[in-house]
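Asker: Pasted the sequence and its predicted model underneath.
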Amino acid sequence: MKVLITGANGQLGRELAKQYKQNKQVELLRAGSLDLDITNMHQVYSFVNENKPDVIINCAALTAVDKCETEIDLAYKINTIGPKNLAAAANKIGAEIVQVSTDYVFDGSVNKSLTEFDNVNPQTIYGKTKLEGEILVKNLNSKHYIVRTAWLYGDGNNFVKTMINLSKTNKTLKVVNDQRGTPTSTVDLARVIIKLVEDKNYGLFHCTCKGECSWYEFTKEIFRLKGINAEVLPCTTDEFPRPAKRPEYSVLRNSMLELTTGDITRTWQEAIGEYLKLL
Ligand SMILES: NC(=O)c1ccc[n+]([C@@H]2O[C@H](COP(=O)([O-])OP(=O)(O)OC[C@H]3O[C@@H](n4cnc5c(N)ncnc54)[C@H](OP(=O)(O)O)[C@@H]3O)[C@@H](O)[C@H]2O)c1
């Protein structure tokens, strides 16, 4: 099986390549943004047609949610047009497509964990562009896997590394305690994606680690595990106004995994524990 990873130098792209490398049955094609610009339709069609992958896993995205609020066209190009190009090009050669999406497709106003059967209502440009990407992938290629995740960390820039770095120059840190979600390791997400493809389990899936916490609680746990002494104080979202509205309660439930082949993700505490040991 030939697997093409786009956006291969991002957090998820790196982890997928690491896991696929252990599988000798898989021929891996890694395309970073300089090898393949997913927003360029002609480049995507010729790249896919020349290389003929069996499956394309799209890890490319504009993930800077605040930047999306001002760079709206760029956000639509990368998060909507890019997946559209890949889905259509894959469809033309009979290949499958994996599109990774986000909890930001929901408004985060309901105090319950959200399943794949709940109504979407994005409140930000990032959320809107990712949702349009989902819709186009679904419409243009019936052999699709759409996988929504949240609070992702892995090999790259992320919240965990930011907090550890901040602790080196600050004795006290204020962290938001009124937004809840589930920190998710790229290790768990990549395992799930690889299994979905192996099983040909098409459709829409939520994939986060298990459990929930606030950013404040997450930081406390990171510092506890790392033996960092900086003081962490809870604060409200209002104290840190940002261009993109953050969802208040953004806990996803992996219902489709539970109802089909099973949910192999770990608790967020177990996953962060392993990640910090390797950091
Ligand atoms: N990070 C999170 O907390 C989070 C949460 C929920 C969902 N997600 C979703 O999970 C997926 C993976 O996220 P991630 O954290 O691994 O992202 P990431 O680390 O930000 O990586 C994104 C990659 O996309 C590439 N890219 C940007 N524009 C491109 C283009 N036009 N053509 C090709 N590649 C392009 C970037 O390359 P350059 O650096 O060279 O531009 C970068 O390597 C994304 O779909 C994201 O929306 C992420």
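Answerer: That came through, no problem.
Asker: What's the local residue count around residue 158?
Answerer: By other Cβ atoms under 10 Å, 17 other residues sit near residue 158. C-beta: built from backbone N, CA, C; applies to glycine.
Asker: Surely it and residue 164 touch.
Answerer: No - applying Cβ atoms under 8 Å as the test, residue 158 and residue 164 come out as separate, 10.2 Å apart.
Asker: wait, what's in contact with the residue lying closest to residue 136 once chain neighbours are set aside?
Answerer: Counting by Cβ to Cβ, 6 or more residues apart in numbering, residue 136 lies nearest to residue 84, which is 4.1 Å off, once chain neighbours are set aside. Shown in contact with residue 84 (Cβ atoms under 8 Å, 6 or more residues apart in numbering): 133, 136-137, 140.
Asker: what's the most distant pair in those residues?
Answerer: By the measure Cβ to Cβ, 133 and 140 form the most distant pair in the contacts of residue 84, at 10.8 Å.
Asker: The two: which has the busier surroundings?
Answerer: residue 133 (28 against 19).
Asker: those helices in this structure, which residues are they?
Answerer: Under the criterion DSSP state H, the chain carries helices at the ranges 11-20, 41-51, 65-70, 72-76, 82-92, 125-140, 159-169, 186-199, 215-226, 255-259, 268-278.
Asker: Could you list the buried residues of the fifth one?
Answerer: Residues of helix 82-92 classed as buried: 82-91 (neighbour count, 16 or more other Cβ atoms under 10 Å).
Asker: CSV for the contacts of residue 84, including distance to the ligand and pLDDT?
Answerer: Below are the contacts of residue 84 laid out as CSV (distance: Cβ to the nearest ligand atom, whole Å; pLDDT from 0 to 100):
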residue, distance to the ligand, pLDDT
133, 8, 99
136, 14, 99
137, 11, 99
140, 17, 98
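Asker: What is the nearest of those residues to residue 50?
Answerer: Using Cβ to Cβ as the measure, the one of the contacts of residue 84 that approaches residue 50 most closely is residue 140, at 20.0 Å.
Asker: The closest one: what's its closest spatial neighbour, skipping adjacent residues?
Answerer: residue 87 (4.1 Å).
Asker: can you pull the pLDDT of that neighbour?
Answerer: If you check residue 87, the pLDDT there is 99.
Asker: One more: the one 5 residues further on?
Answerer: Residue 92 is assigned a pLDDT of 98 by the prediction.
Asker: Show me what from the protein comes close to the ligand.
Answerer: 6-7, 9-12, 32-33, 37-39, 59-61, 63, 78, 82, 100, 102, 130, 149-152, 156 (Cβ under 6 Å from any ligand atom).
Asker: The residue nearest to residue 121 when sequence neighbours are not counted and the ligand: what is the separation?
Answerer: Counting by Cβ to Cβ, 6+ apart, residue 121 lies nearest to residue 107, which is 4.2 Å off, once chain neighbours are set aside. Distance of residue 107 to the ligand, given as Cβ to the nearest ligand atom, to the nearest Å: 15 Å.
Asker: what sits against residue 107?
Answerer: Contacts of residue 107 by Cβ under 8 Å, 6+ apart are 121-123, 247.
Asker: Any chance of those residues in a markdown table with pLDDT and neighbour count as columns?
Answerer: As requested, these are exported to a markdown table (pLDDT from 0 to 100; neighbours: other Cβ atoms under 10 Å):
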| residue | pLDDT | neighbour count |
| --- | --- | --- |
| 121 | 98 | 13 |
| 122 | 98 | 20 |
| 123 | 97 | 17 |
| 247 | 93 | 24 |
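Asker: Of these, which is the nearest to residue 47?
Answerer: The closest of those to residue 47 turns out to be residue 122 (Cβ to Cβ; 29.7 Å).
Asker: Number of residues surrounding the residue nearest to residue 229 when sequence neighbours are not counted?
Answerer: Among residues not flanking residue 229 along the chain, residue 223 sits closest, at 7.8 Å (Cβ to Cβ, 6+ apart). By other Cβ under 10 Å, 18 other residues sit near residue 223.
Asker: who's in contact with residue 223?
Answerer: So residue 223 contacts 163, 167, 229-230, 232 (Cβ under 8 Å, 6+ apart).
Asker: Okay, buried residues for stretch 56-64 please.
Answerer: Buried-residue list, stretch 56-64, by 16+ other Cβ under 10 Å: 56-63.
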